[in-house]
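S.K.: model this:
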Amino acid sequence: MSSNTFIKHSSSQKNLLRVGVIGTGAFAEQCHLPQLQSHPQVKVVALCGKRPERLRHLANRFSIPVVHTDYQKLCARSDLDAITIASSNNEHAAQALVALSSGKHVFCEKPLGTTVAEARRMVRAAELSGTHHQVGFTYRYLYGVQELRRRIHRGDIGVPFHVRSHWNSWEAFGPSSFREYRSQRTLNAAGILHDMGPHLFDLARFLFGPIQTVMGQVTRVSRGKMVGRSNRVPLESDDTATAWFRHAQGIDGQWFASRVMPSFGEKSHIEVVGDEGALRASLGRGSLDVLRLSRPSKTGWVELPLPEEARDQSPSCLKRMMHSFVDACLGHTDDEEINPSFHDGLAAQLALEAVEESVLCLPWMSLQEARGFQSKGSPHFLGRSPMIALPTIAAQ
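M.R.: Here you go, the predicted structure:
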C-alpha cells in the first residue's frame, strides 16, 4: 500500500524532528500541535495560519517561537525537517506540493485533495521527493480496528463476505459557524461525502485491499443559513452520503454517513461479517475504543479484550497517528501495513469521484404504486420532502 521504499530521513539531528504546522483550526489545536509536542523527539518550530489573532493565540498556547501567514515562507525554512498540513481541504494540494518540493516530510489531512487530478499530482511529487508522506486516516490507529483486522486475517469469523460502516451525527444542526464552514463547497469540496467518505473507504481498503467497483448517492436536507432577519441562503453541500462497493477479492461493502441524524449508541462503527461470525469495532478518536464479536449460534455481542490504553478514554488514536509519522521520519520505524501514504489518499479520492459520477448515472426505477398514488388523507409532509439530490463537482 505504501511506496515509501527509499525514504530520505532527517539530516539535521537524528534524534530530533523539527516540524512546521500549517493550519490553525480545531484539528490543529486538538491533534497536530499537542500530539506532536507529546513526542519526546519533536520540536514544533513554526506555525502558519491566515488569521493573525488565532495564529498568535495558538503560538502562545503551545510556545511556538515562529509564526507565518504565508505557507511558502514556512516551507522554505531550512530549520524544518517535516511539515504537517491541517488546513482547509481546498488548500491541501498547493501546500503539500510546495512542502515536498522543499524536501520536507509531509503529513496531510484527508481528503488528500479535492479532485483526483490534484491527488495524482501530490502522489507524483511525493514519489519524486524521496521523503516520507502520510495521510491522516485516524481510524487505522484505533486498537479495536487493528485487532479486528488481525482477527479477520487469522480466520476468527471464517470467510468474510461483507463489510459495512455507519456514521451518524446531528452536526449540521450544531453551532452555526462550524456548520457553515463544513457546508462551503469552495472550502471543503462536498460536505459529508468528502468529510467521512475518505475515512470509510480507506478503512475498507485497510481491511480488504483494493476496491474494484463503486456506486453511491448523496442528498441534502433543504435548509439554509440566515442572512439578516429574513433572507435564507441555501447551504451548498451534501448532508447524507452512501456507497456500495466490491473489493477485488469479491467482498461486498457499504457505508452510510449523515450529519442530520441522531447516532444510536456508538456514533460510528465498522462491522465485518463472515460465515462463522461478525466483528464490530467502534470508530472515533479513541475515547471510545471497543471491539465486539457475534456468533450465529448466540444472540447479541460479546466485548473482546483490548490493550489497557484503549480504556483510558483519551483520544489515543490521534497520539498514535502523529507519533507514527514522527517515528517514520526519524527512521525508527515505518509500519507500511498501518501508515497510509499518499497512494492510499489517492485511492480514497478515486472512490469519492466514483460516487460523484454514479450520482449522475445511477438509475432509479419507477414503481407503478407511486405513479397512481393519491395524496388524499395522507400525512401532511408527503409531496414536500426536504431531501434533495445534489449535482456533483466536475472532475478536473
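S.K.: give me the element the most centrally placed residue in the chain is part of.
M.R.: Nearest residue to the geometric centre of the chain (C-alpha atoms, centre = their mean): His199, 3.8 Å. In the assignment (DSSP states H and E), His199 maps to helix 191-208.
S.K.: Gln254 belongs to a strand, doesn't it?
M.R.: Yes. With DSSP: H, G, I helix; E, B strand; the rest coil as the criterion, Gln254 is part of a strand.
S.K.: isn't Asp335 right up against Ser324?
M.R.: Yes. Using C-beta atoms under 8 Å, Asp335 is in contact with Ser324, at 6.9 Å. Placement of C-beta: from N, CA and C, glycine included.
S.K.: please say which of the two ends up with more neighbours.
M.R.: Neighbours were tallied for Asp335 and for Ser324 using other C-beta atoms under 10 Å; the higher tally belongs to Ser324 (21 against 11).
S.K.: so how far is Val116 from the closest residue to that one other than its chain neighbours?
M.R.: Excluding the flanking residues, the one nearest Ser324 by C-beta to C-beta, 6 or more residues apart in numbering is Asn339, at 5.5 Å. Noted for Asn339: a distance of 22 Å to Val116, by C-beta to C-beta, to the nearest Å.
S.K.: more neighbours: which of these two?
M.R.: Using other C-beta under 10 Å, the more surrounded residue of Asn339 and Val116 is Asn339, with 25 against 18.
S.K.: surely the more buried one touches Ala328?
M.R.: Yes. The criterion here is C-beta under 8 Å, and Asn339 meets it with Ala328 at 6.1 Å.
S.K.: what touches both of the two?
M.R.: Gln134 (C-beta atoms under 8 Å, 6 or more residues apart in numbering).
S.K.: list the helices and strands whichever strand in the chain runs longest packs on?
M.R.: In the chain, with assignment by DSSP state E, the single longest strand is strand 211-221. Judged by 3 or more C-beta pairs under 8 Å, 6 or more residues apart in numbering; DSSP states H and E, the packing partners of strand 211-221 are helix 191-208, strand 240-247, helix 342-361, strand 387-389.
S.K.: send the alpha carbons of that strand over as PDB?
M.R.: Output in PDB follows, covering the C-alpha atoms of strand 211-221 (Å, rounded to 0.1, in the frame of the first residue of the first chain):
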ATOM      1  CA  ILE A 211     -11.800  -1.600  -4.200                       C
ATOM      2  CA  GLN A 212     -12.900  -2.700  -7.700                       C
ATOM      3  CA  THR A 213     -16.300  -1.100  -8.300                       C
ATOM      4  CA  VAL A 214     -18.200   1.700  -6.600                       C
ATOM      5  CA  MET A 215     -21.600   3.400  -6.800                       C
ATOM      6  CA  GLY A 216     -23.300   5.800  -4.400                       C
ATOM      7  CA  GLN A 217     -25.800   8.500  -3.700                       C
ATOM      8  CA  VAL A 218     -25.600  11.900  -1.900                       C
ATOM      9  CA  THR A 219     -28.500  14.100  -0.700                       C
ATOM     10  CA  ARG A 220     -29.000  17.400   1.100                       C
ATOM     11  CA  VAL A 221     -31.700  18.400   3.600                       C
END
